[in-house]
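>>> structure, please.
(one chain, ligands or ions: 3)
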Amino acid sequence: MFRQFCLFLLIYLPSSLAAESAWNGLVLPGSQKSNALFTPFYVPPGAKPYGSKSPLVLYSGGWEEVFSSNAVSKSLRASSLENASVSFPFTGTGIEWFGNRDNRHGSAKVYLDNKHITDVDLWAAGKKTQRQQRLFAKYDLTPGPHTLKIVNAGGAQGSLIDVDAFVVTSGVTAKVRGGKAPVQHLMLRDDAPQWTLRQQGSSGVGAMQLAIISSTHALLVDKVEHNPLDINGHPAWGALYNLNTDAVKPLNMESNSFCAGGTFLGNGTLINVGGNPVVEDRTSAADFGDLGGLQAIRILDPCTSPTADGCDMYENHDRVRTATPRWYNTVIRINDGSAMIIGGSKKGGWMNNATVNNPTIEYYPPKDIHGSNGLPIPLPLLEETLNSNLFPIAFALPDGTVFIAANRDATIYDWATNTERRLPQIPNGVRVSYPMTGTGVLLPLSPDNNYTPEVLLCGGSDIDDTRAGYDISSQEPASAQCSRMVLNDDGIDAGWQVEQMPEPRIMADAVLLPTGDVLIVNGAATGIAGYGNVQNQVGASNADHPVLTPVLYSPSKPVGSRFSSDGLPRSEIPRLYHSVASLTPRGDVMIAGSNPNLDRSEVAYGTEYRVEWLSPPYMQIDRPEILKTPMKLGFGRSVTIEARLPTDIQDIRAAIMDYGFVTHAVHANSRLVYLKCTREGERTLRIEAPPSGDIYPPGPGWLHVIVQGVPSQGVKIMVGDGSSPPVDRDALENILGNTEADQYETSRGGNGFDDGFSE
Ligand SMILES: *[C@@H]1O[C@H](CO)[C@@H](O)[C@H](O)[C@H]1NC(C)=O
Ligand SMILES: *[C@@H]1O[C@H](CO)[C@@H](O)[C@H](O)[C@H]1NC(C)=O
Ligand SMILES: *[C@@H]1O[C@H](CO)[C@@H](O)[C@H](O)[C@H]1NC(C)=O
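Numbers count the residues shown, from 1 in each chain. Ligands and ions are numbered 1, 2, ... in the order given. Predicted coordinates for the structure are as follows:
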């Protein structure tokens, strides 16, 4: 009853009921059992639904009205006559058709603007009717009037087609507020290569997390919500994005990956760690039969197929999970190729606090060190840095220790001895971790200075993190500060060196380029991260004034001339909370995401599926090309590679890069390590691998050759021997024996791991 009432409201009432409209469950509200088929009907706030009875829907050739309490609009129009048709003129950029499928249904021809674009098979095996299914959708129409026409094409096993409802979308309608005028291309001659920005492709799922997994594919991970991309009859919340064709392939994710972290392990397998419980009340985005994600470790084995065939996520929480719940944890790879899992909250929420804080570290695979036998090891930094200390910024350092910044503080954590060396506090009260989200980068490491590490932290906010959400405004300025420090004794004595970005930014992404420069992109000039918490929300966004022009930071230039936006194109797409950016092997930067919303929304700032590609000037000129390399680069080894290189040039560098796993402005593992490199012939270079896993944690990397500042494309190579990280069986069994899977998830009853979706 309640559900019908709810959907009824959806159709006829405005989007002030957005919180209700999020309910679209696999199970009835309050029910513990998965007993119904999923009904994908959903109206994003800002989109317009039309029921089958709408006078704008024009039927011809024999339709009847069928009353059904299970229909979106309480009744549907059905036809069993071949060539019966329905026309629906609408104005927008997207259209969705909803109706039923079962073993009486046939097929339909779909026309858009008088052009036949596809045939839809509505037949489904089994007697059970699948209701409110999205039968057809298209989202990339040019803005303006269009007509959808559906014609009954009959079928061998059934001839029924029906119309329950249409939903018209308009794309993201966010009005861009603030931001500066487009940057003039002042310094560049007309024929000089320039930065370009191209919008192409759709992410299919919210691009909350991003990692390049192969030369052809990027992994996108979202949370459970009503994404347009479907899998197994429900919306997908993970996908593989083809970098060459822009095709997206949905992934079979089992648990809610809302706000997970991730890393590749030393053997090339990627893990995605933590997330959200299943939420079934009005704060829920949706329930698609997902499992609790708080202790999830999702596994994506190396995907070598150029079409991503056979590549999928794997989960088995009975055997593979964290010891404790982690929401907003940071995950990095350390010098033995295993994952260090840092901090987070024990349950979903917003600002961290002492009740939900999980101020500990654990490892995957688990380790028996410091008497832990696999269980979490307390980290004082995370106990002492409440409240704004989620998604700490962390990097493995070239002596095997780990840099961690949380809130206004930073430390060097020696995991082998379980000791911290606390660093000076970040100047001027600037906080750099969620929800005062800054971004961080480990500047390029080079044998020329014996791999002296230097970190750069940019943006964030100096808002007092003890203030309540209702007391903070989306209009309060973010920080423009970048803080840089050399992480050796002298550098730490000298403390943080402060520089100012041209514009303040919260939730920026720092992307290392193969040139050694750092591209700073995305984010907002005011407010803080998250949605639904502060005053003056824009839609639900806690932040406003998107910063639309990227800025390039050149670390080796003198102070005062390091930032430049010369020639950098301004985007028209706000990239706020849940946005990402990563270097691709081609050398351009993939930019996606933005979704400061509970669920897919078209109200400003809406859910953004458009993908952009920012190409540095070097993409337009003749570049060096790596022709032949070994597949593996063992530590300390010297190998020859073949490359197409200009003759007579000696200014040649080689670098191994980790493009990182990007989530919430944390670019985990992001790294550039220069390699000793000598030219031995016209096409031959001798390169020396990093000396050890301290310098480059063992695992996948991308080799680039850089000639006079112009980088080649990246070639994937395994650094180290590619072996799996050490597994301590006792520690593993101790975790499994002494902790419960998803101990904070009760809403599903039992152990929380009934796979409700499979029938
Ligand atoms: C339906 O239309 C097609 C194409 O116009 C025609 O060949 C076919 O005979 C029609 N079927 C019926 C039952 O009218
Ligand atoms: C701590 O955070 C949780 C999750 O956001 C919230 O439910 C709880 O009310 C907070 N507790 C305090 C004391 O603020
Ligand atoms: C890599 O190691 C992890 C952790 O032990 C394991 O789950 C995974 O299957 C391994 N991957 C490969 C490709 O061997």
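>>> quick one, domains of the protein?
Following automatic domain parsing, one gets these domains for the chain: 47-169, 185-620, 625-719.
>>> could these be laid out in TSV, adding distance to ligand 3, mean pLDDT and mean neighbour count?
Using the backbone N, CA and C atoms, a C-beta is placed for each residue, glycine as well. What follows is the domains of the chain, written out as TSV (distance: least, C-beta to the nearest ligand atom, whole Å; pLDDT from 0 to 100; neighbours: other C-beta atoms under 10 Å):
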stretch	distance to ligand 3	mean pLDDT	mean neighbour count
domain 47-169	35	94	18
domain 185-620	4	95	22
domain 625-719	10	97	20
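>>> beta partners for Asp544?
Note on Asp544: beta-bridge partners by DSSP bridges are Thr526.
>>> residues of the stretch 251-400 of the chain that sit close to ligand 2?
Lys347, Gly349, Trp350, Asn353, Thr355, Val356 (C-beta under 6 Å from any ligand atom).
>>> pretty sure the fourth one is touching Leu386, no?
Yes. The pair Asn353 / Leu386 is scored as a contact, 6.2 Å apart, by C-beta atoms under 8 Å.
>>> helix, strand or coil for Ile412?
Assigned with DSSP: H, G, I helix; E, B strand; the rest coil, Ile412 falls in the strand class.
>>> quick one: contacts for the residue nearest in space to the middle of the chain?
Centroid check for the chain by C-alpha atoms, centre = their mean gives Gln209 as the closest residue, at 1.6 Å. If a contact means C-beta atoms under 8 Å, 6 or more residues apart in numbering, then Gln209 has Leu219, Leu220, Val221, Asp222, Ser257, Ala260, Gly262, Asn272, Val580, Phe661, Val662, Thr663 as its contacts.
>>> in space, what's closest to the last one - neighbours in sequence excluded?
Meaning Thr663. Gln209 (4.3 Å; C-beta to C-beta, 6 or more residues apart in numbering).
>>> for Arg686, see how far away that neighbour is.
38 Å (C-beta to C-beta, to the nearest Å).
>>> over to Asp464?
55 Å.
>>> wait, which of the domains of the chain is closest to Arg729?
Among the domains of the chain, the nearest to Arg729 by C-beta to C-beta is domain 185-620 (9.3 Å).
>>> what helix or strand is the closest residue to Ile717 other than its chain neighbours located in?
Of all residues not flanking Ile717 in the chain, Leu703 sits nearest, at 4.9 Å (C-beta to C-beta, 6+ apart). According to DSSP states H and E, Leu703 maps onto strand 699-707.
>>> please, where are all the strands along the stretch 651-759 of the chain?
652-658, 661-663, 666-668, 671-679, 684-688, 699-707, 710-711, 715-719 (DSSP state E, counting those that start in this stretch).
>>> out of those strands, which is closest to Gln475?
strand 666-668 (25.5 Å).
>>> dump the residue contacts of the residue of the chain found nearest ligand 2.
Residue nearest to ligand 2 within the chain: Gly349 (1.9 Å; C-beta to the nearest ligand atom). The contact partners of Gly349, by C-beta under 8 Å, 6+ apart, come to Trp327, Val356.
>>> hmm, 6 Å instead?
Val356 (C-beta atoms under 6 Å, 6 or more residues apart in numbering).
>>> from Val224, how far out is it?
17 Å.
>>> hang on, the earlier thing: so of the residues of the stretch 251-400 of the chain next to ligand 2, which ones are in strands?
With strands defined by DSSP state E, no entry of these lies inside them.
>>> distance to Arg679 added to those residues, as TSV?
As requested, these are exported to TSV (distance: C-beta to C-beta, whole Å):
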residue	distance to Arg679
Lys347	56
Gly349	56
Trp350	55
Asn353	57
Thr355	60
Val356	56
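>>> mind checking how far Gly349 is from Gly262?
Counting by C-beta to C-beta, the gap from Gly349 to Gly262 is 21 Å.
>>> next, give me the two most distant ones among the residues of the stretch 251-400 of the chain next to ligand 2.
Between any two of these (C-beta to C-beta), the greatest distance is 12.7 Å, for Trp350 and Thr355.
>>> list the residues that contact both of those two?
By C-beta under 6 Å, 6+ apart, no residue touches both Trp350 and Thr355.
>>> tell me which stretches of the stretch 451-600 of the chain form helices.
489-494 (DSSP state H, counting those that start in this stretch).
>>> same question for the stretch 251-400 of the chain.
Under DSSP H, counting those that start in this stretch, the stretch 251-400 of the chain gives helices at 380-383.
>>> same thing with the stretch 601-750 of the chain?
729-738.
>>> just want the residue of it that's nearest ligand 3.
Using C-beta to the nearest ligand atom, the single residue of the stretch 601-750 of the chain nearest to ligand 3 is Ser724, 3.8 Å away.
>>> and that residue, how far is that from Gly701?
Taking C-beta to C-beta, one finds Ser724 at 17 Å from Gly701.
>>> need the pLDDT of Leu17.
We note a pLDDT of 27 for Leu17 in this prediction.
>>> and the strands in the stretch 301-450 of the chain, which stretches?
Under DSSP E, counting those that start in this stretch, the stretch 301-450 of the chain gives strands at 313-314, 330-333, 339-342, 360-364, 377-378, 393-396, 402-406, 409-414, 419-422, 438-442.
>>> want to try CSV for these, with distance to Gly693 as columns?
Conversion of these to CSV gives the following (distance: least, C-beta to C-beta, whole Å):
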stretch, distance to Gly693
strand 313-314, 26
strand 330-333, 9
strand 339-342, 13
strand 360-364, 15
strand 377-378, 21
strand 393-396, 9
strand 402-406, 13
strand 409-414, 15
strand 419-422, 20
strand 438-442, 15
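>>> contacts for stretch 441-454?
Residues contacting stretch 441-454 (C-beta under 6 Å, 6+ apart): 395, 397-398, 455-456, 486-488, 510, 516, 518, 555, 672-674, 676, 695.
>>> please redo it, this time with the cut-off set to 8 Å
Residues contacting stretch 441-454 (C-beta under 8 Å, 6+ apart): 395, 397-398, 403, 455-456, 458, 484-488, 491, 510, 512, 516, 518, 555, 655, 667, 670-676, 688, 695.
>>> straight-line length of that stretch, end to end?
9 Å (C-alpha to C-alpha, to the nearest Å).
>>> check the offset of that stretch from the chain's centre.
Its chain's C-alpha centre and that of stretch 441-454 lie 28 Å apart, by C-alpha atoms, centre = their mean, to the nearest Å.
>>> residue numbers of the protein in contact with ligand 2?
So the chain meets ligand 2 at Lys347, Gly349, Trp350, Asn353, Thr355, Val356 (C-beta under 6 Å from any ligand atom).
>>> can you do 5 Å?
The chain comes close to ligand 2 at residues Gly349, Asn353, Thr355, Val356, as judged by C-beta under 5 Å from any ligand atom.
>>> let me know the closest of those residues to Leu81.
Checking the residues of the chain next to ligand 2 one by one against Leu81 (C-beta to C-beta), the nearest turns out to be Gly349, at 54.7 Å.
>>> Leu390 versus the closest one, what's the distance?
10 Å.
>>> cool, Ile334 as well?
Relative to Leu390, and taking C-beta to C-beta, Ile334 is found at 20 Å.
>>> now do Tyr531
From Tyr531 to Leu390 the distance is 15 Å (C-beta to C-beta).
>>> thinking again about what came up before, list phi and psi for the residue of the stretch 601-750 of the chain closest to ligand 3.
phi -70, psi 150 (degrees, to the nearest 10).
>>> can you check what pLDDT the model gives it?
Reported pLDDT for Ser724: 98.
>>> what is the burial count for it?
13 (other C-beta atoms under 10 Å).
>>> centre of the chain to stretch 712-724, how far?
The answer for stretch 712-724 is 23 Å, by C-alpha atoms, centre = their mean.
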